[in-house]
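Asks: okay, structure incoming, though there's no sequence with it:
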């Protein structure tokens, strides 16, 4: 059985690499829209309008990639927008229209995703600290071997 994989196309990645800071400033409100196109972009980001331009679709695809990858936006940017993630029905679709960036991958490569440990390297698992040990560590407790 094939799984759906979501990624950003080369054209979308190019747009994001060139204009990401501008998109983010408009979407966050740090920059006020000065043209009708910018006002429409902000409306699309807020879900009040459908995407019409490549810029709007690119930013919505980026937001979808961030939500599917469970990475921060900064981490996706640091990867130069080159992230492939399994598409899932569990995460709400940021762009209601069908994205051209979905395709099927063979089941062998998709099955490897299930082998990834839930906890990343360096993240303590539940029960790693006892409550008492956690309190001692946080309070700066030091074991004194001179006793």
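Replies: That came in fine, so what should we check first? Just so we're clear, the structure is a prediction, and the values are computed from it rather than from any experiment.
Asks: list the contacts for the residue nearest to residue 13 when sequence neighbours are not counted?
Replies: Once flanking residues are discounted, residue 13 sits nearest to residue 81: 4.5 Å by Cβ to Cβ, 6 or more residues apart in numbering. In this view, the C-beta of every residue, glycine as well, is placed from N, C-alpha and C. Taking Cβ atoms under 8 Å, 6 or more residues apart in numbering, we find residue 81 in contact with 8, 12-13, 16-17, 62, 65.
Asks: looking at the residues you listed, state which has the most neighbours.
Replies: With neighbours taken as other Cβ atoms under 10 Å, the top of these is residue 65, carrying 25 neighbours.
Asks: pretty sure residue 12 contacts residue 57?
Replies: Yes. Using Cβ atoms under 8 Å, residue 12 makes contact with residue 57 at a distance of 7.4 Å.
Asks: would residue 47 count as being in a strand?
Replies: No. Assigned with DSSP: H, G, I helix; E, B strand; the rest coil, residue 47 falls outside any strand and is coil.
Asks: confidence score at it?
Replies: For residue 47, the model assigns a pLDDT of 93.
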